[in-house]
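Colleague: predicted model follows, preceded by the sequence.
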Amino acid sequence: MSRTSKRVLRGSVVVLVSLMVAPAIAVADTTQAEDLPEPTQAQLAKSVHVWDPTRGVHTWKLEGSVSEVEQVETKDKETTITLSTDILFTPDSSTLPGTAAQRIEKLVKDVPKGAKIKIDGHTDSVKGKVDNQKLSTDRAESVAEAVAKKRSDLKATVKGHADSRPVKREDPQDPSTRAANRRVEIVYQG
C-alpha cells in the first residue's frame, strides 16, 4: 500500500472512531437535577425577587385626562364653539380626519339659517415645521370647508391669528397652557 493510501485509511479510522465515541461522551456528560448540589442560602436569596404592589399599581383619575373635541359657550347673545386642534389635527397638519366632518355638522346644526359666522384659527407660540400663521389659517379653512359641505347657507369669514390671541398665558413647564391656545373657533350671533 502506498503512503497516501495509508494516510487516507488512518484518517478514515480516526473519523469513524470519533463518530462512535462522541455520542457516548455527550450522554455521559448530561447532568440530572438530582445530581446537582443543594443551593446555598445566598443563591436562594439572590434568586428571589420581591414585588411591591404599592410601587406597581397606578391609580388614574378621569378628571383632566379626557378632553372634549369642543366647548360651546354663549355670552351676550354670541355663541363660540371652540374646537381643540390637538384632537382634530395631527401636529403641523391642517387635514381634518374623516370623522371630524360628522362632529362639526352636529355642532353647527343649531346655527340660525343664513347666519354670518366667523371661523378663526389659533396656534400656540411654539414654532413648528409649518409657519404658525399659515397653519392657523389653513386649519380654519379646513373647518370652514367642512361647515360649507353641510351648511351651505352659512356665510363664513375665515381668518388665522397664529399665536396673537392666546386664551392662556403659556408656561413652558405646563404643556396644557399651550394646548389651550391651539384651537379653531366658530363664532355666530344667537
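Modeller: Structure received. Numbering: from 1, shown residues only.
Colleague: strands of the chain, start to end?
Modeller: Using DSSP state E, the strands found in the chain span residues 70-75, 78-84, 116-122, 155-160, 183-189.
Colleague: T79 contacts E70, doesn't it?
Modeller: No - using Cβ atoms under 8 Å, T79 is not in contact with E70; the gap is 11.7 Å. (C-beta placed from N, C-alpha, C; glycine too.)
Colleague: what's the domain layout of the chain?
Modeller: Here the domain parsing of the chain from automatic domain parsing is 1-31, 70-189.
Colleague: and the end-to-end length of the last one?
Modeller: From its first residue to its last, domain 70-189 covers 18 Å (Cα to Cα, to the nearest Å).
Colleague: tell me the mean pLDDT for it?
Modeller: Mean pLDDT, computed over domain 70-189, is 93.
Colleague: equivalent analysis for the first one, please.
Modeller: Model confidence over domain 1-31, given as mean pLDDT, is 57.
Colleague: ok, now which ones touch E73?
Modeller: 79-80, 82 (Cβ atoms under 8 Å, 6 or more residues apart in numbering).
Colleague: buried only: go through the residues you listed for me.
Modeller: Buried residues within these, counting neighbours by 16 or more other Cβ atoms under 10 Å: 79, 82.
Colleague: what about the residue nearest in space to the middle of the chain, distance to K149?
Modeller: Centroid-nearest residue in the chain: T90, 10.1 Å away (criterion: Cα atoms, centre = their mean). According to Cβ to Cβ, to the nearest Å, T90 and K149 sit 21 Å apart.
Colleague: now do Q102
Modeller: Counting by Cβ to Cβ - Q102 and K149 are separated by 11 Å.
Colleague: can you pull out the helices in the chain?
Modeller: Assigned by DSSP state H, the helices in the chain fall at 3-29, 41-47, 53-56, 85-88, 98-108, 132-150, 175-181.
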